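Enquirer: Predicted model and sequence follow; I will ask about them next.
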Amino acid sequence: METIEEIGFGGLKIIQDSEGFRFGVDAIIIADFANRIYPDAKAYCDLGTGNGIIPAVLSHKNSGCSILGVDVQQKAVDLANRNAEGNGLADRISNICIDVKDIRAQRPDLAGSFDAVITNPPYVEAGSGLASADGAKQIARQDTTAGLEEFISSAAWLIKDKGHFFIVYRPARLVDLLCLCRKYRLEPKHMRFVTPHAGEKPNIVMVHCVLGGGRELTVMEELAVRDDSGGYTREIDEIYER
């Protein structure tokens with residue numbers, strides 16, 4: 001069953017599959033994080049695009065960029081294409097069905113083609129956590145196809161020298177994330193932890209890297225999602241442009 005949700009951002013509407021994996025606040029905040037740090041990007045690639053939520057939000061926040069979405073599931077790519085068309089963005093957003101780990105072999109023409117790569121990849125290693133009865137959800141949640149290293153190595157291959165990489169992930173795997181980024185010359189430049197409420201343990205981390213960048217990391221002030229009343233914080237409302 002499909003639902004249509006109006007998410008704001010100039011009236012954007014997103015079709016979601018109620019039986020598949022649905023986007024959360026992490027997709028919205030990584031799009032905003034990327035745009036604030038690199039507002040002049042012209043060509044983006046979104047690895048693991050799902051229903052295309054990140055390209056949709058980026059297209060609103062950066063009116064001059066084009067975005068290529070990549071996903072291993074044809075059903076997700078079809079949905080992302082419908083969302084682009086439904087929002088009048090088909091001239092700026094396109095999508096292809098390729099496993100991230102196979103993108104070099106299948107699309108060699110994309111090497112070094114992008115100013116920036118952005119991703120909200122599966123958070124859980126294959127074999128960890130509870131398996132989902134729904135195959136689409138499991139692929140979105142666990143790295144059952146491409147793993148974290150494939151996402152990072154493919155990002156480094158896709159972007160230009162001194163290009164930008166943005167990723168949202170879980171703090172529990174932060175060491176793996178940073179080590180792999182440096183292995184592929186993606187030097188961490190900004191990092192921001194996200195907490196459910198101010199002062200609580202972070203459950204999300206956003207990282208920005210530059211391919212071939214210098215060694216200097218800025219740890220930004222934490223982002224709290226909800227305030228004491230249980231509503232969204234003022235900064236989250238600003239990100240959603242409410």
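Expert: Looks like it arrived, so ask away. Numbers count the residues shown, from 1 in each chain.
Enquirer: Would you mind confirming that Tyr38 is in contact with Asp115?
Expert: Yes. With contact defined as CB atoms under 8 Å, Tyr38 reaches Asp115; the gap is 7.5 Å. Where C-beta positions appear, they are placed from N, C-alpha and C, glycine not excepted.
Enquirer: Would you mind listing the residues touching both of those two?
Expert: His164 (CB atoms under 8 Å, 6 or more residues apart in numbering).
Enquirer: what's in contact with stretch 6-13?
Expert: So stretch 6-13 is contacted by 4-5, 14, 28, 53, 56-57, 60-61, 83, 86-87, 240-242 (CB under 8 Å, 6+ apart).
Enquirer: what about burial for those, which qualify?
Expert: 14, 28, 53, 56-57, 60-61, 83, 87, 240 (16 or more other CB atoms under 10 Å).
Enquirer: Quick check: Lys160 touching Leu211?
Expert: Yes. Under the criterion of CB under 8 Å, Lys160 makes contact with Leu211 at 7.4 Å.
Enquirer: Compare these two (neighbour count), which wins?
Expert: Leu211 (22 against 15; other CB atoms under 10 Å).
Enquirer: Next, the more buried one: phi, psi?
Expert: Per-residue torsions, Leu211: phi -70, psi 120 (degrees, to the nearest 10).
Enquirer: And it, how far from Asp161?
Expert: 6 Å (CB to CB, to the nearest Å).
Enquirer: again, but for Leu186
Expert: 11 Å.
Enquirer: neighbour count winner among the two?
Expert: Higher neighbour count among Leu186 and Asp161: Leu186, with 28 against 10, using other CB under 10 Å.
Enquirer: about what we covered before: quick check, nearest of the contacts of stretch 6-13 to Ser229?
Expert: The nearest member of the contacts of stretch 6-13 to Ser229, counting by CB to CB, is Arg242 at 15.5 Å.
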